[in-house]
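*Asks:* Could you work out the structure for the sequence below:
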Amino acid sequence: MSYEIFKDLAIIIIAAKCCGLLARKLHAPMVAGEIVAGLLIGPSILGLVKQTDFIAMMAEIGVILIMFNAGLGTDLRDLIKTGPKALLIACAGVAVPLLGGYLLYSVYYGFAPSGSDKFYEALFIGVIMTATSVGITVETLRELGKLKGLVGTTILSAAIIDDIIGIIVLTFVVGFKSSSVSPANVIRNTALFFVLSIVIGMVIYYIFKKLDDKRPHSRRIPIFGLALCFALAYVAEEYFGIADITGAFVAGIILCNIKDSDYIAEKMDISSYMLFGPIFFASIGLKTNIEGLTKSLLIFSLLFVVVALVTKIIGCSLTGRICGFKNKDSLKIGVGMMTRGEVALIVAQKGLAVKMINPVYFTTVILLIITSSLVSPLAMKMLYKNDKE
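*Replies:* Prediction:
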């Protein structure tokens, strides 16, 4: 066993918390500071910490806990009420960036004939843009105290649906090039997962409700809740091919209406705030290495970031306006949906694995994640400034 990991964890936690507190002093969300901390101590600047498999796994646990907490803090009635609107917003949040990414690549490098490698690469650039990072948006809304509002619930619901649709689109695109992947199987597995979640979730809910009535505020309730979170995250990823964060969120939704849901969230928040959360946000910066950027790739990367942010805002904001939200609330939805994170990385890594994109574009994706993760929380804070709602 290498004991270097303890040094790395100490550096990450100290840097993340110091930068997070500095960000708060500057009236910026703490998550923005924690991401900057990862960039500072990572290979791009100081090189104090390198991304390892262990840190990546800790970061994955971090985002799972964030999503579990998000589910626990969700008002189920608001989620059901915003469901149809969230679905429409998510569809627009996938379609507009997908088209924007394809057109950007095609205009920059030239349009390629259908079925060629360049055509698939252009299409895959659009697929990368479809992802939304619910983890960063959730933490920002939590800091602002707006997670349970109508707009916050809509953003959260749309982001979850957005990632599901994005993964289905990813499978379709890969399936066009690889006959071993069946898009129909993904649709079937996704439907089966949610049907199974509803059926089993009702049983689990009544078990927890009975346990909560008999032993309120006992430590076993958060422990069993955490076990449920990890179990559904595993089942979603391993058996249904759905992102583990979706399973964690569903686990939180199942328990959000029991009396001790806030008590469970409080216990989960201790681990998330002290260790796993900072590692997750700092790891985004750790993945960034700008040494391989050429002038041409840098220009494309900057255009990629602009198009990815603008298309997400346009698609989600306009659809939000059509769904009846006011202009400012529609803009909040668009800005809240523009962050990219773990799902964008998963999509990019899948593209590299099946050789649909060149490895040099991974730096471009990291740049998008860094930029959107910094810009979105700051923009959300500005939009909610002086908001009395």
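
*Asks:* Mind picking out the helix or strand in this protein with the poorest mean pLDDT?
*Replies:* helix 342-353 (a mean of 71; mean pLDDT, DSSP states H and E).

*Asks:* what's the next secondary structure element after it?
*Replies:* Next along the chain after helix 342-353, taking DSSP states H and E as the criterion, comes helix 361-383.

*Asks:* Report the buried residues of that following helix.
*Replies:* Buried residues in helix 361-383, counted by 16 or more other C-beta atoms under 10 Å: 361-381, 383. All C-beta spots, glycine's among them, are computed from the backbone N, C-alpha and C.

*Asks:* Output that helix in PDB with nothing but the alpha carbons.
*Replies:* C-alpha atoms of helix 361-383 as PDB (Å, rounded to 0.1, in the frame of the first residue of the first chain):
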ATOM      1  CA  TYR A 361     -10.600  16.400 -27.400                       C
ATOM      2  CA  PHE A 362     -10.600  15.100 -23.800                       C
ATOM      3  CA  THR A 363      -8.800  18.300 -22.700                       C
ATOM      4  CA  THR A 364     -11.600  20.300 -24.500                       C
ATOM      5  CA  VAL A 365     -14.200  18.500 -22.400                       C
ATOM      6  CA  ILE A 366     -12.300  19.200 -19.200                       C
ATOM      7  CA  LEU A 367     -12.200  22.900 -20.200                       C
ATOM      8  CA  LEU A 368     -16.000  22.900 -20.700                       C
ATOM      9  CA  ILE A 369     -16.500  21.200 -17.300                       C
ATOM     10  CA  ILE A 370     -14.200  23.700 -15.500                       C
ATOM     11  CA  THR A 371     -15.700  26.800 -17.200                       C
ATOM     12  CA  SER A 372     -19.400  25.700 -16.800                       C
ATOM     13  CA  SER A 373     -18.700  24.600 -13.200                       C
ATOM     14  CA  LEU A 374     -17.400  28.100 -12.400                       C
ATOM     15  CA  VAL A 375     -19.700  30.200 -14.500                       C
ATOM     16  CA  SER A 376     -23.000  28.600 -13.700                       C
ATOM     17  CA  PRO A 377     -22.800  28.900  -9.800                       C
ATOM     18  CA  LEU A 378     -21.700  32.500 -10.100                       C
ATOM     19  CA  ALA A 379     -24.500  33.300 -12.600                       C
ATOM     20  CA  MET A 380     -27.100  31.500 -10.400                       C
ATOM     21  CA  LYS A 381     -26.000  33.600  -7.400                       C
ATOM     22  CA  MET A 382     -26.400  36.800  -9.500                       C
ATOM     23  CA  LEU A 383     -29.900  35.700 -10.800                       C
END
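
*Asks:* tell me what it is packed against?
*Replies:* Here helix 361-383 touches helix 30-41, helix 117-129, helix 134-144, helix 277-286, helix 295-322, helix 327-336, helix 342-353, going by 3 or more C-beta pairs under 8 Å, 6 or more residues apart in numbering; DSSP states H and E.

*Asks:* Point out the most buried one among these.
*Replies:* Among the helices and strands packed on helix 361-383, helix 277-286 has the highest mean neighbour count (mean count of other C-beta atoms under 10 Å), at a mean of 29.

*Asks:* can you list the residues that contact it?
*Replies:* Contacts with helix 277-286, where a contact means C-beta atoms under 8 Å, 6 or more residues apart in numbering, come from 9, 12-13, 15-17, 20, 31, 34-44, 49-51, 55-56, 58-60, 62-63, 65-66, 135-136, 139, 341, 366, 369-370, 373.

*Asks:* what's the average pLDDT for it?
*Replies:* What helix 277-286 shows for mean pLDDT is 83.

*Asks:* quick thing: my sequence starts at 10, can you match it?
*Replies:* All set: I'll call the first residue 10, so the last point we hit is now helix 286-295.

*Asks:* Touching, Val45 and Ala32? I think so.
*Replies:* Yes: if you go by C-beta atoms under 8 Å, Val45 and Ala32 touch, sitting 7.5 Å apart.

*Asks:* list the contacts for Ala240?
*Replies:* Ala260.

*Asks:* Model confidence score at Glu398, please.
*Replies:* For Glu398, the pLDDT comes out at 52.

*Asks:* if we can go back for a sec, would you mind giving the helices and strands packed on helix 370-392 as TSV with distance to Phe258 added?
*Replies:* Listed next are the helices and strands packed on helix 370-392 as TSV, based on distance: least, C-beta to C-beta, whole Å:
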stretch	distance to Phe258
helix 39-50	18
helix 126-138	22
helix 143-153	8
helix 286-295	15
helix 304-331	19
helix 336-345	16
helix 351-362	13
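
*Asks:* Helices along the stretch 110-259 of the chain, start to end?
*Replies:* For the stretch 110-259 of the chain, the helices defined by DSSP state H, counting those that start in this stretch cover 126-138, 143-153, 159-186, 192-223, 229-249, 253-264.

*Asks:* Determine which of those helices approaches Phe120 most closely.
*Replies:* Each of the helices of the stretch 110-259 of the chain has some distance to Phe120 by C-beta to C-beta; the shortest is helix 126-138, at 8.1 Å.

*Asks:* What helices and strands are in contact with that closest one?
*Replies:* Packing contacts for helix 126-138, counted by 3+ C-beta pairs under 8 Å, 6+ apart, involve helix 85-118, helix 159-186, helix 304-331, helix 351-362, helix 370-392.

*Asks:* Name the surrounding residues that touch it.
*Replies:* Contacts with helix 126-138, where a contact means C-beta under 8 Å, 6+ apart, come from 106-111, 113-115, 118-119, 121-122, 175, 178-179, 182, 185-186, 313, 316-317, 320-321, 349, 353, 356-357, 360, 365-367, 370, 374, 377.
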